[in-house]
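Novice: Need coordinates for the below:
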Amino acid sequence: MGCRKNNFTAYCAYDSDLGSPFPKEMRVIYNNILNRCTLVRLCPVLVALLTLMMASLPTMAMATTLKELQIGIKTMSFMFNPPSERTEVAILYDPQIVESLADSRNIQNWVGKEAVLPNIELVPVPLDVGRLDNAAAFRVVIVTSGLEHHFDNILNYTRRNASLSITSDVNCVRDAKCVVGINATPTLNVFINQTAANACHIIFLSGFRMMVKEF
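Specialist: Residues are numbered from 1 along each chain as shown. The predicted structure follows:
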């Protein structure tokens, strides 16, 4: 059975090959109901209601993959005035959110080792998202998963410090709270939000903007 997709959510809880954002348990329940529906006259109505319910649920944040981080780091080189030599990269996380904390640890292990830029030393610096008001300025920040309740504070920080924000949470980019978003599931897509970029005084080379999707 097919399903409707857009750039952000595959509205198909039962097709795990399409990178469904819904938990496995929910997909199993959905599949079981669909299988039993085949002999029920009201199946089309039930399927429609179930699909509507699943589509209305909030998208679950997914952990940042190494591929997404590597592509995100490379976008720095397409800035009009890119970082040079030694650059500290802030990793925004919430220690009270398990997925954010785990994501930050993975990112910290990858930045400067497996996610690199030629001739630039990248130094990862964990930064508690709850302490942004008094935090030092960073030219580049990576936003971990699970921080949707902090999007406004993140934008205020990056706007104040003219920081490039990079994330695998495309919702942050769609909502104009982050500048660059990378999603590698099911296919690789790079997004930028021009409104957020303008607010943070981030200018990309024209060639780069031709290669990405803009909001």
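
Novice: Point to the residue nearest the middle of this protein.
Specialist: By CA atoms, centre = their mean, the chain has its centre lying nearest to D169, at 1.7 Å.

Novice: Give me the number of neighbouring residues for A197.
Specialist: 23 (other CB atoms under 10 Å). To be clear about C-beta, it is placed using only N, CA and C from the backbone, and glycine gets the same treatment.

Novice: 40 is where my numbering starts, stick with that
Specialist: From this message on, residue numbering opens at 40, which makes the last subject A236.

Novice: What helix or strand is it located in?
Specialist: Using DSSP states H and E, A236 maps to helix 233-238.

Novice: Report the mean per-residue pLDDT for that helix.
Specialist: Averaging pLDDT along helix 233-238 gives 97.

Novice: helices and strands of this structure: which one has the lowest mean pLDDT?
Specialist: When each helix and strand of the chain is scored by mean pLDDT, DSSP states H and E, strand 49-50 comes last, with a mean of 34.

Novice: List the contacts of L108.
Specialist: With contact taken as CB atoms under 8 Å, 6 or more residues apart in numbering, L108 is in contact with I146, W149, V150, A154, I181, S207, I221.

Novice: now the strands for the chain?
Specialist: Using DSSP state E, the strands of the chain run over 43-44, 49-50, 125-132, 160-167, 179-182, 203-206, 219-222, 228-231, 252-253.

Novice: Would you reformat those strands as CSV and include distance to H240 and mean neighbour count?
Specialist: Formatted as CSV, the strands of the chain follow (distance: least, CB to CB, whole Å; neighbours: other CB atoms under 10 Å):
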stretch, distance to H240, mean neighbour count
strand 43-44, 34, 12
strand 49-50, 34, 20
strand 125-132, 17, 21
strand 160-167, 20, 15
strand 179-182, 13, 29
strand 203-206, 10, 28
strand 219-222, 14, 26
strand 228-231, 14, 20
strand 252-253, 17, 12
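
Novice: averaging pLDDT over each of those strands, which comes out lowest?
Specialist: Of all the strands of the chain, mean pLDDT reaches its minimum on strand 49-50 (a mean of 34).

Novice: Show me the domain layout of this protein.
Specialist: Per automatic domain parsing, the domain ranges recorded for the chain read 43-95, 105-253.
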